[in-house]
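Asks: quick one, structure for this:
(chains A and B)
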Amino acid sequence: MSWTSFERRWRDALLAAMIPAEGGRPGISEVEQGAFWELYREAAPPVLRLGLRASVWALTWSAVPLAGRPFHRLSPEKKDRFLNRRAASRLYLVRQLVMTLKLVGCFLWLSDDDVRARVMKPAPNADKTDKTDRTDPTDRSDRTL
Amino acid sequence: MNVTDGRAITQPHEQAFDVVIVGSGPAGAAVARQLARAGAKVAVVEEGPYVEPAACPESGFQAMAKLYRDLGGVLAMGNAPMPVLQGRAVGGSSVINGAISWRMPRDVHAEWVAKDPPLADALPWETIEATLDDIERDLNIAPTPPDIAGRRNLLMGEGADTLGLEHRPISRNVRGCRGLSRCLQGCPEGHKLSMDQSYLPDAVEHGAVIFSSTTARRVEVEDGTAQGIEAISAAGAKVRLTATRAVVLAASAVQTPALLIKSGLGHGPVGRHFQCHPGVSMAGRFREPAPVWIGATQGHEVIGLRHEGLKFEVLGYDVSILGTRLKTVGRELARDFGDAARWVNWGAAIRAQGEGIVKAGRRGASVRFSLTPDDLSKVRRGVRVLGELMLAAGAELVTPGVYGWHEKVTDRSVMARFEEEGPLDGKAYTMAMTHLFGTCRMSSQPGQGVVRPDFRHHTVDRLYVADSSVFPSNLGVNPQSTILALATMCARRIAA
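Replies: Predicted coordinates:
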């Protein structure tokens, strides 16, 4: 079953928020999508097609009680916050809906040659250590596995 | 390689052979090569297309669309639902695997014999060893050299040294590999000696006929004897291939039992005792670049905990798959892609004790599989060791990707606590399933197995099963070489 025009709008809003433009790299909404969706229609098994459609509907409309509006009408900041909250949901099914969207988003975004060239470039060595979540500074590296 | 393309078979087709083989992966290819060399008139039927190396795409999505069953989207349902990854092309999963080649572990053989002593005579260890020697020579199997390994492979060795764990470069079936990291998309240079680049061309040279894009629908049985198969071409034409000596099923531990069930041969343990190696992976960000797109796809492994049912491997795949392994979404995910060259992914393969079932439905085969509590303990230990390995190798942070636990960890002592603190709910983990076994078990007892120790079906004459569905248990290591060895032995029995 093909996407209706309103489903396509919801889907595109969710995917655009999944990988927005950042650091000089285009976001999903800026890449050509026609060839990707054509191949997706040919190759995706029913379970994935159903999963993506369920993700689009559930994430678009669960934003109403949780964020006050359907997803596609949220501000970029609220979209980002909403996706992060849903990705960390205590409900397995909700986490899987986000994962499905992310899987399709990564496939779509990295089907674009320009995006691939920008992502797959050598990175310089990091000059400082990320201190995120260093919850236990005690070094017990001498214990056995 | 000359292949009869099912997309061009538009009219009903009937042809007679000595042996008809269903499936062109390692098992089917080994049987085809052995029997064609022995002078038999052999047909191989493969559901997927034949894809020339130069036509293997770099994009993960395009490669999965072309070479994987259902875009890698077949889900095994159970207490930890996970995708079942299988190739669907001439060459089967050998086209899309990491070229990892392990000899069959002797302790696994001993387990099989202890459970069913007649297997000692049917599968003598010395014969397996000698056959593996031949396979290693044929497929140029050798440890990954450091000059093409790439940094992310070498890092695993450094981490393992720090933790005092045994490790080594992975032995792979490649020739002239330049470390393009594209094994899982199909080697674009034909340097991986997958079956389409090795055994199948050899079989064709000796007269075998390969039908690609042609799906076997039924084994034809008359008076308790297999007569051939009925198949359908991708163009929709009926294809009937008769066999005067043997029909050999080698379509994987999912498709082989499904075909038996669809053929009305689903009695006994067909489809039961499904086993696998569930895998869990972890992403870590290093201070130095170690791109997933540079170096051998899978070039290093930690084997020091194999006795516990755990094996650790460097993972390499398209950057789109790396993206799905990063644990972020939205802006943070977009930022993480800016550092893609510093993100590394390693995995743990679990020798799970859980058993599942394969069923055949109208829409194809389905798999149900659940991890046992003991398996989940192994998963927890695997996650702990993965995190510690990465941090010991110099990762500045790791993302365990386990629901309900730290999103990012920078300290080994935190990872060490995971074995006690980590959840025992399978749904908290993101896992995938490879290496499938056991659904047409070999056994000397008719009620316990589908085939006899000499690979013959217990009740249907001239019907053989040659793939990993005959294995009495999983192996705990990558099965390709063992599948090749046992299938070769199956072919020798047919030829005898």
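Asks: centroid residue for chain B?
Replies: Chain B has B:His435 as the residue nearest its centroid, 4.1 Å off, counting by Cα atoms, centre = their mean.
Asks: can I assume that one is in contact with B:Gly476?
Replies: No: with contact defined as Cβ atoms under 8 Å, B:His435 does not count as touching B:Gly476 (9.3 Å). C-betas here are computed from N, CA, C, even on glycine.
Asks: anything in contact with each of these two?
Replies: By Cβ atoms under 8 Å, 6 or more residues apart in numbering or on different chains, B:His435 and B:Gly476 have these common neighbours: B:277, B:349.
Asks: mind listing what the residue nearest to B:Arg452 when sequence neighbours are not counted touches?
Replies: Nearest residue to B:Arg452, sequence neighbours excluded (Cβ to Cβ, 6 or more residues apart in numbering or on different chains): B:His458, at 6.0 Å. Residues in contact with B:His458 (Cβ under 8 Å, 6+ apart) are B:268, B:446, B:449-452.
Asks: by neighbours, which of the residues you listed wins?
Replies: Among the contacts of B:His458, B:Val450 has the most neighbours (other Cβ atoms under 10 Å in any protein chain shown), with 32 neighbours.
Asks: tell me who's in contact with it.
Replies: Contacts of B:Val450 (Cβ under 8 Å, 6+ apart): B:257, B:260, B:268-270, B:440-443, B:457-458, B:465, B:469-470.
Asks: now swap in B:Ala38 and tell me
Replies: B:491, B:495.
Asks: so which strand or helix has B:Arg168?
Replies: Using DSSP states H and E, the element containing B:Arg168 is strand B:167-169.
Asks: okay, now the sheet partners of that strand, with direction.
Replies: strand B:300-302 (antiparallel) (DSSP bridges).
Asks: beta partners of the residue nearest to the residue nearest to the centre of chain B when sequence neighbours are not counted?
Replies: Nearest residue to B:His435, sequence neighbours excluded (Cβ to Cβ, 6+ apart): B:His277, at 4.2 Å. In this entry, B:His277 is beta-bridged to B:Thr434, by DSSP bridges.
Asks: so B:His277 versus B:Val84, what's the distance?
Replies: From B:His277 over to B:Val84 the distance is 11 Å, taken as Cβ to Cβ, to the nearest Å.
Asks: can you check which residues contact both of these two?
Replies: Counting by Cβ under 8 Å, 6+ apart, the contacts common to B:His277 and B:Val84 are B:Met433.
Asks: neighbours of B:Ala130, how many?
Replies: 12.
Asks: could you look up the SS state of it?
Replies: helix (DSSP: H, G, I helix; E, B strand; the rest coil).
Asks: quick one: B:Gly295 is in a strand?
Replies: No: per three-state DSSP, B:Gly295 lies outside any strand segment and is coil.
Asks: pretty sure it is touching B:Arg178, no?
Replies: No: the criterion here is Cβ under 8 Å, and B:Gly295 misses it with B:Arg178 at 9.8 Å.
Asks: settle it for me: which of the two has more neighbours?
Replies: Of the pair B:Gly295 and B:Arg178, B:Gly295 is the one with more neighbours under other Cβ under 10 Å, namely 27 against 13.
Asks: once you drop chain neighbours, what's closest to that one?
Replies: Nearest one to B:Gly295, counting by Cβ to Cβ, 6+ apart, is B:Gly150 at 1.4 Å.
Asks: can you give me every residue that contacts the one you found?
Replies: Applying Cβ under 8 Å, 6+ apart to B:Gly150 gives the contacts B:179, B:181, B:290-291, B:294-296, B:299, B:316.
Asks: of those residues, the lowest pLDDT goes to which?
Replies: Ranked by pLDDT, the contacts of B:Gly150 bottom out at B:Gly316 (90).
Asks: for the residue nearest to it when sequence neighbours are not counted, what are its contacts?
Replies: Once flanking residues are discounted, B:Gly316 sits nearest to B:Thr297: 4.0 Å by Cβ to Cβ, 6+ apart. By Cβ under 8 Å, 6+ apart, the contact list for B:Thr297 reads B:98-99, B:181-184, B:316-317.
Asks: would JSON lines of the residues you listed with secondary structure and distance to A:Lys121 be doable?
Replies: Below are those laid out as JSON lines (DSSP: H, G, I helix; E, B strand; the rest coil; distance: Cβ to Cβ, whole Å):
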{"residue": "B:Gly98", "secondary structure": "coil", "distance to A:Lys121": "24"}
{"residue": "B:Ala99", "secondary structure": "coil", "distance to A:Lys121": "26"}
{"residue": "B:Ser181", "secondary structure": "coil", "distance to A:Lys121": "15"}
{"residue": "B:Arg182", "secondary structure": "coil", "distance to A:Lys121": "18"}
{"residue": "B:Cys183", "secondary structure": "helix", "distance to A:Lys121": "22"}
{"residue": "B:Leu184", "secondary structure": "helix", "distance to A:Lys121": "21"}
{"residue": "B:Gly316", "secondary structure": "coil", "distance to A:Lys121": "17"}
{"residue": "B:Tyr317", "secondary structure": "coil", "distance to A:Lys121": "18"}
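Asks: any stretches of chain A with poor pLDDT?
Replies: Within chain A, the ranges that satisfy pLDDT under 70 run A:1, A:122-145.
Asks: can you report how many residues lie near whatever residue of the stretch 101-250 of chain B ends up closest to chain A?
Replies: Taking Cβ to the nearest Cβ as the measure, the stretch 101-250 of chain B has B:Leu163 as its residue closest to chain A, at 6.1 Å. By other Cβ under 10 Å, the residues close to B:Leu163 number 19.
Asks: mind listing what it touches?
Replies: So B:Leu163 contacts A:145, B:385, B:388-389, B:392 (Cβ under 8 Å, 6+ apart).
Asks: in helices only, show me these.
Replies: B:385, B:388-389, B:392 (DSSP state H).
Asks: dump the residues you listed to JSON lines, plus neighbour count, pLDDT and distance to chain A.
Replies: Listed next are these as JSON lines, based on neighbours: other Cβ atoms under 10 Å in any protein chain shown; pLDDT from 0 to 100; distance: Cβ to the nearest Cβ, whole Å:
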{"residue": "B:Val385", "neighbour count": "29", "pLDDT": "98", "distance to chain A": "6"}
{"residue": "B:Glu388", "neighbour count": "25", "pLDDT": "98", "distance to chain A": "7"}
{"residue": "B:Leu389", "neighbour count": "29", "pLDDT": "98", "distance to chain A": "9"}
{"residue": "B:Ala392", "neighbour count": "22", "pLDDT": "98", "distance to chain A": "7"}
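Asks: out of the residues you listed, flag the one nearest to B:Lys238.
Replies: Distance ranking of the ones in helices among the contacts of B:Leu163 against B:Lys238, using Cβ to Cβ, places B:Val385 first at 52.5 Å.
Asks: what sits against the residue nearest to the centre of chain B?
Replies: With Cβ under 8 Å, 6+ apart, B:His435 has these contacts: B:276-277, B:349, B:468, B:474-475, B:478-479.
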